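A.B. asks: Below are the sequence and a predicted model for it; my questions follow.
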Amino acid sequence: MERAEKDALVSTLNGVFADAGVVVVTHYSGLNVAELSDLRRQMAEAGASFKVTKNRLAKRALEGTPAAEIADLFTGPCAIGVSEDPVAAPRVLAKFAKDNEKLVIRGGAMGETVLDEGGIKALADLPSLDELRGKIVGMLNTPATRIAQVLSAPGGQVARVIAAKAEQGDAA
């Protein structure tokens, strides 16, 4: 790789590290091409990306970014999972690592917060941003539904009382 290519790659990675909601550092040794392709596909479906990196270039790219503290994680065969949603990349990588022991989660960063393997797995267990939005909308709609039920209940009760009196009159 020529120096200009390396500089371009470092610049690109620097932008990725600076803009990412979460960065997850993994060891991928032993994964074959089919497994890596499957992982990349799963990551893309979740709105994240997975990229094999050169350690020295990644360490250079981390300089001046909020995630600079994770530079020591880049030893051995490393790859990074990145997403804007803080839950997307950790969720896919944790699930893949659970099913395939060749992928090892080393740690990562969410903004300036350095995360160990446990922190990444804790993020993976959180509901996604879309799920949280759905729950909030559901909570907001619930009071309106209950108000409608309460307001319609008196009319329904009157109708049931009249129907019961009519049945009593027919029985007599």
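C.D. replies: That came through, no problem. Residues are numbered from 1 along each chain as shown.

A.B. asks: ok, Glu117 touching Ala94?
C.D. replies: No - under the criterion of C-beta atoms under 8 Å, Glu117 makes no contact with Ala94, lying 9.3 Å away. C-beta: built from backbone N, CA, C; applies to glycine.

A.B. asks: Which of these two has more residues huddled nearby?
C.D. replies: Ala94 (21 against 17; other C-beta atoms under 10 Å).

A.B. asks: Got the phi and psi for that one?
C.D. replies: phi -70, psi -40 (degrees, to the nearest 10).

A.B. asks: Show me how the chain divides into domains.
C.D. replies: 3-126, 128-172 (automatic domain parsing).

A.B. asks: Can you show me the helices along the protein?
C.D. replies: For the chain, the helices defined by DSSP state H occupy 3-19, 33-45, 55-62, 88-99, 117-125, 129-171.

A.B. asks: If you average pLDDT over each of the ones you listed, which is lowest?
C.D. replies: Note on these: helix 129-171 shows the lowest mean pLDDT, a mean of 71.

A.B. asks: buried set for stretch 19-32?
C.D. replies: Using 16 or more other C-beta atoms under 10 Å as the burial criterion, the residues of stretch 19-32 that qualify are 20-28, 31.

A.B. asks: hang on, I meant stretch 33-48
C.D. replies: Going by 16+ other C-beta under 10 Å, stretch 33-48 has these buried residues: 35, 39-40, 42-43, 46, 48.

A.B. asks: any chance of these in TSV, with distance to Ala8 too?
C.D. replies: Output for these, formatted as TSV (distance: C-beta to C-beta, whole Å):
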residue	distance to Ala8
Glu35	28
Leu39	25
Arg40	21
Gln42	28
Met43	23
Ala46	27
Ala48	22
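
A.B. asks: Give me the buried positions along stretch 119-139.
C.D. replies: 119-121, 123-124.

A.B. asks: from the residues you listed, which single one is nearest Val52?
C.D. replies: Ile120 (18.2 Å; C-beta to C-beta).

A.B. asks: Enumerate every residue touching that closest one.
C.D. replies: 24, 90, 93-94, 105, 107-108 (C-beta atoms under 8 Å, 6 or more residues apart in numbering).
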